[in-house]
Structure formats: structure tokens, C-alpha cells
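Q: Attaching a predicted model along with its sequence, questions to come.
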Amino acid sequence: MVLLIDIGNTNTHIGLGDAARVQRRTEFPTAVWSGARAESYLKRFVKDAQLDGAAVCSVVPQATVLARRILRRLRILPVFELTARTVRTIGIEYPKPSTIGPDRLANAAAARHRFGAPVVAIDFGTAVTIDVVDQQGNFVGGIIAPGLDALLCAMHERTALLPRVQFRKVSRAIGRSTKEAMLLGAQYALTGLVHEALVAIKRELGTEQLQVVATGGCARLLCHNLRELTALVPDLTLEGLRLQWFANLLET
């Protein structure tokens, strides 16, 4: 069994995985790594599971250092860190591979493993990332856009009267309050962006057949309007981490 740790800008997702699948998962705020509670979170989650090590995927370098320190104290070793140099099961055709976020590589690898190629993985997180695996199974790049919370925060912070809004689904098409109008604006901005991006990606790849996989905290709220969607996979990043742990294990 391997401990899977996906450290994002807002939340950290952790899971336990074996050779077949992600067994269970939970999450906590990434800010917790800098306090005293992270170690207790991990202890409570792991319980009496027999671990062979940990696989880490992080976009927050400071939290990565703290996580490694805690894993050493808990004697959860070895620690595998996913990067462009350690990724397996997909190729990389990208000018500067070291600049690719490891969460993007995990999503791309998991999407390709489950749905074949070409495939697009869309992560609706703090940022929205749209990552492309071409017909040859290579990560070739993608698109990064502000996430829902960033859009709503920007409207509030850059205007005098628009309020701070927490995202929720609005069922009507016309907002009946300022908050509803803002929520709909953010929703349509992202679903419209994704639709137009997929049209352009298909054209650039020269294909009409494209698998589209979504994940991330806001995916379920947004994907009901995304007709191109193949599947919604909440554990996509953890699944990619699990696959990379075992792919690297086979090489040793």
C-alpha cells in the first residue's frame, strides 16, 4: 500500500492506493502543513495500514519540504516525488518539461491510462488546467486559466460594489440578484472557455475523436453543461500518482 499526497494551492488531497486502485481518500487545507496538525491528520488517515512508502505530487514547494520532513518523522519511506523526470507511461513533447506542474502530469497519465489517446484532462481547481495528450501518447501542453474562486475574488476586489461570493450552482439562466449574476458570469466564463478550447484542440490535433476527462473541486458543479465530457473522475490526480508509483517501482 502506498500513501498518495497531492498538495494543491488550496487543499491537499491524500489517499491510500494499492496495485489496483485508490482505496480511500480525504483532504485538508494545504496551510495545515505549516502547523502542528498535519502529522496528526496523516496518522489518523493511515491508521494501521501497512505502507511501502509515499508518492507526492505538489505545486507548493514550501509545503513539499514540510511534507517530506513529516513523512521522515513518521518513517513513511521511501518518498517518491512526481516530476517531468520521474513520470512514466506517457511521453513528453514540451519545450521545458521541468516547468510542467506535477499535478498536470498526474492527470494526463491517469487519463491516458484509463481512456487512451488522444485525451484531454481538465482540472477545475484553484486554477483550471486543460492538459493534452496527443495520438502518440505524449503530453504536448495545454491551457491554464483562473478558477471559479479566482474569478469571483477578482470581481469583488477590483470593484467597489460587487460582494465576495462563495460559489454555488445557480439553476436559472438569468441572475435574480447581484450574487446570482456574478455566479452565472463565472460559470459561463469557464464552461464557454472550455468548450472553445476543446474545439481548437481538436483542430490542432487533427482529430474529431477526443476523450475529455474532468476532475477537481468544482468539476461536478460545472460539467453538467459540458457536452464534450467523457467522464468525471474525482480521484484522477491521486490515480495518476498511484500509477506513477507502481510504474517506477517496476523499474527498480
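A: Noted; the coordinates are in hand. Residues are numbered from 1 along each chain as shown.
Q: use CA for all of it now, contacts and neighbours both
A: Fine.
Q: tell me which residues in the worst-scoring helix or strand of the chain on mean pLDDT are buried?
A: When the helices and strands of the chain are scored by mean pLDDT, DSSP states H and E, helix 219-222 comes last with a mean of 88. Within helix 219-222, the residues that qualify as buried by neighbour count (16 or more other CA atoms under 10 Å) are 219-220, 222.
Q: Which strands border the next helix or strand after that helix, and is each parallel or antiparallel?
A: Using DSSP states H and E, the helix or strand that follows helix 219-222 in sequence is strand 231-232. Strand pairing for strand 231-232, using DSSP bridges, gives strand 211-215 (parallel).
Q: quick one: average pLDDT of the strand it pairs with?
A: Averaged across strand 211-215, pLDDT comes to 98.
Q: chain center to that strand, what's the gap?
A: 11 Å (CA atoms, centre = their mean, to the nearest Å).
Q: Next: stretch 225-243.
A: 9 Å.
Q: Same question for stretch 129-148.
A: That offset, for stretch 129-148, works out to 12 Å (CA atoms, centre = their mean).
Q: Would you mark the buried spots in that stretch?
A: Applying 16+ other CA under 10 Å to stretch 129-148 flags 129-134, 137-139, 141-142, 145-148 as buried.
Q: Could you do stretch 197-206 as well?
A: By 16+ other CA under 10 Å, the buried positions in stretch 197-206 come out as 198, 201.
Q: How about residues contacting that stretch?
A: 134-135, 208-210 (CA atoms under 8 Å, 6 or more residues apart in numbering).
Q: got it, and stretch 1-21?
A: Counting by CA under 8 Å, 6+ apart, 22-31, 46, 49-60, 63-64, 103, 126, 237-239, 241-242, 246 sit against stretch 1-21.
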